[in-house]
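Novice: With the sequence up front, the predicted model follows.
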Amino acid sequence: MPIDLSLYLVTDAELCRDIGVEQTVEAAVNGGVTVVQLRDKHASDEQMIAQGKRLKAILAGTGVPLIINDRLQVALACQADGLHVGQSDTAVQEARSAMGPQAIIGLSINTLEQLQAAPIELLDYVGLGPVFATISKQDHAQPIGFGGLAALLKACPLPSVAIGGLKAEHAISVQQAGANGLAVISAICGQPDPYQAARALLWRDTYVT
């Protein structure tokens, strides 16, 4: 299904501890976030399901989809709009089969070989990166830089979002490389004003023609 990837927020409970995940998401969506991914490697399935349901209520009527990171059963239980998986997570085929044709399914891509092996026909978008090293994800793959991002984008037939250490000053470079959007964690999560942090990342505010 079509998805606006221009500003993709991946949540981090630890970074959001002062404000809260729900409050951060609500403010960031008001500031222009177009996709929200619930990611929490430490929470139980039950905790994530409860939080997913709260986020669904917050996002109701906004047009912003809720994507769950990796946990298929959580996505199904909280009736999320989609699932994002990594190379070693739930198989794309399993995710699509379980969630149905209307769900949004995304896959993390780090290399050209991974892109060539991806089941493109089952995906709605790919996440490309990490562009830079980031403390938000300790086990990330080798950073690809803007050169690597541009090379992947040339071969990518799907809508794409760049991720990994990206900040407001990178928005123009991400757009010029050809990505459909940028995904962030710490550029919004943990910021004192998530609304303003989101505003600063919007392409329409940062890109000068």
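Specialist: Received, thanks. Residues are numbered from 1 along each chain as shown.
Novice: Which strands or helices does the longest strand anywhere in the chain pack on?
Specialist: In the chain, assigned by DSSP state E, the strand with the most residues is strand 104-109. With contacts taken as 3 or more C-beta pairs under 8 Å, 6 or more residues apart in numbering; DSSP states H and E, strand 104-109 sits against strand 82-85, helix 92-99, strand 125-128. To be clear about C-beta, it is placed using only N, CA and C from the backbone, and glycine gets the same treatment.
Novice: Contacts for the next helix or strand after that strand, please.
Specialist: Next helix or strand after strand 104-109 toward the C-terminus (DSSP states H and E): helix 112-117. Here helix 112-117 makes contact (C-beta atoms under 8 Å, 6 or more residues apart in numbering) with 87, 109, 126, 151-152, 155-156.
Novice: in the protein, what spans have low per-residue confidence?
Specialist: Applying pLDDT under 70 to the chain picks out residues 1, 135-140, 203-209.
Novice: need the strands for it, in chain order.
Specialist: Counting by DSSP E, the strands of the chain are 7-10, 35-38, 66-69, 82-85, 104-109, 125-128, 160-163, 181-184.
Novice: From the contact counts, what lies against the fourth one?
Specialist: Put plainly, it is strand 82-85. strand 66-69, helix 72-77, helix 92-99, strand 104-109.
Novice: now do the third one
Specialist: Helices and strands touching strand 66-69, by 3+ C-beta pairs under 8 Å, 6+ apart, are strand 35-38, helix 45-59, helix 72-77, strand 82-85.
Novice: could you dump these to a markdown table with mean neighbour count and distance to Tyr8?
Specialist: Putting those into a markdown table (neighbours: other C-beta atoms under 10 Å; distance: least, C-beta to C-beta, whole Å) gives the following:
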| stretch | mean neighbour count | distance to Tyr8 |
| --- | --- | --- |
| strand 35-38 | 26 | 4 |
| helix 45-59 | 17 | 14 |
| helix 72-77 | 20 | 16 |
| strand 82-85 | 25 | 9 |
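Novice: If you count neighbours, what's buried in stretch 19-36?
Specialist: For stretch 19-36, the neighbour count (16 or more other C-beta atoms under 10 Å) marks 19, 21, 24-29, 31-36 as buried.
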